[in-house]
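Asker: based on what follows, work out the 3D shape:
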Amino acid sequence: MLPFSVQFQSGLPPSDQLVDAIRKAIARGEISDEAPFPSVRTLARELRISPTTAHKAVLQLKEEGLLFSQPGVGMRVRMVFREGWQGRLDLLRPQLEALLREAESLQVPPEILQNWIETQLKTFTQCDKEDP
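Answerer: A predicted model of the protein is given here:
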């Protein structure tokens, strides 16, 4: 069983979706620092994707510093989201851009959208405080 989940959607490259799911799992703390990470073969088998797709995702995560190889042990996770918020905010960029494009297509003025988001955020944080 993998230490993260991913729901593949059509229209987006599977390797990008896999990288995004792993980034988010690391950022949320679902995968701990220096935890063992599944091999390319395991990823491919468990997710029913090609080994090439799994390999591409692992290479990208290694280049980003989220995974590293430990000789004789295999791949390990490296928590790089500890410093500042930028890495976590970058994970939200695709959803934000989609929201902005949709608002523009619906001809929602930016100031109306901003006010609506602020209202939603206040409502959301108030609900969070009320939950036990």
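Asker: from here on, just use CA atoms for contacts and neighbour counts.
Answerer: Noted.
Asker: please, where are all the strands along the chain?
Answerer: Assigned by DSSP state E, the chain shows strands spanning 67-70, 74-77.
Asker: for these, which one sits closest to residue 30?
Answerer: Among those, strand 74-77 comes nearest to residue 30, with 11.1 Å by Cα to Cα.
Asker: ok so, going back, got the strands of the chain as CSV, with mean pLDDT and distance to residue 112 columns?
Answerer: As requested, these are exported to CSV (pLDDT from 0 to 100; distance: least, Cα to Cα, whole Å):
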stretch, mean pLDDT, distance to residue 112
strand 67-70, 89, 41
strand 74-77, 91, 41
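Asker: identify the residue nearest the residue nearest the centre of the chain in space, chain neighbours excluded?
Answerer: Geometric centre of the chain, nearest residue: residue 24, 3.0 Å, by Cα atoms, centre = their mean. Leaving aside its sequence neighbours, residue 24 sits nearest to residue 91 (Cα to Cα, 6 or more residues apart in numbering; 7.1 Å).
Asker: count the residues that sit near that neighbour.
Answerer: Residue 91: 15 surrounding residues under other Cα atoms under 10 Å.
Asker: contacting residues for residue 5?
Answerer: residue 21 (Cα atoms under 8 Å, 6 or more residues apart in numbering).
Asker: what's the spacing between it and residue 23?
Answerer: 11 Å (Cα to Cα, to the nearest Å).
Asker: with residue 2 instead?
Answerer: 14 Å.
Asker: tell me the domain ranges of the protein?
Answerer: Taking automatic domain parsing as the criterion, the chain consists of the domains 14-77, 91-130.
Asker: looking at these, which has the lowest confidence?
Answerer: Among the domains of the chain, domain 91-130 carries the lowest mean pLDDT, a mean of 86.
Asker: fine by me, we can end here.
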